[in-house]
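*Asks:* The amino acid sequence is not available; the structure is as follows:
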C-alpha cells in the first residue's frame with residue numbers, strides 16, 4: 001500500500017496539488033513500520049514546496065508534448081482550418 005502512496009504522492013507533489021498532504025501524512029504513519037516511508041515523506045514535501053515555488057518538474061518532458069501547427073506554420077488553438085471553419089482533415 002505504501003508504494004501506491006509514494007507513486008501517487010510524487011505525481012501530486014510535482015504538480016503542486018495539495019492532495020499530496022494526505023500521502024505525506026500516510027507515509028509518516030507508515031514510517032513507524034517502514035523507515036524508508038519517512039524518508040519518502042520528507043522528499044515528497046520537498047518536491048511539493050519546489051512546485052509551489054514555481055520550479056518546473058516536468059521540463060525534461062517538453063520534447064514529448066505534441067504541438068499542432070497550421071499549414072502556414074503558426075500555432076492553432078483548435079481543430080479547424082482558418083479559411084472555412086471546417087475540421088482539418090489531419091485531426092480526425
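*Replies:* That came through fine. The shown structure was predicted, so the numbers you read here are calculated from the model rather than taken from an experiment.

*Asks:* Show me what the longest helix seen in the chain is packed against.
*Replies:* Across the chain, the helix with the greatest residue count (assigned by DSSP state H) is helix 35-52. Judged by 3 or more CB pairs under 8 Å, 6 or more residues apart in numbering; DSSP states H and E, the packing partners of helix 35-52 are helix 2-15, helix 20-30. Where you see a C-beta, it was placed from the backbone N, CA and C, and this is true even at glycine.

*Asks:* and the shortest one, which residues are buried?
*Replies:* So the one you mean is helix 20-30. Under the neighbour-count criterion of 16 or more other CB atoms under 10 Å, helix 20-30 has 20, 23-24, 26-27, 30 buried.

*Asks:* Contacts for it, please.
*Replies:* 1-2, 5-6, 8-9, 12-13, 37-38, 40-41, 44-45, 48 (CB atoms under 8 Å, 6 or more residues apart in numbering).

*Asks:* pLDDT below threshold where in the protein?
*Replies:* Along the chain, the model assigns pLDDT under 70 to residues 1, 56-92.

*Asks:* hmm, try it at 80
*Replies:* Filtered on pLDDT under 80, the chain yields the residue ranges 1-2, 55-92.
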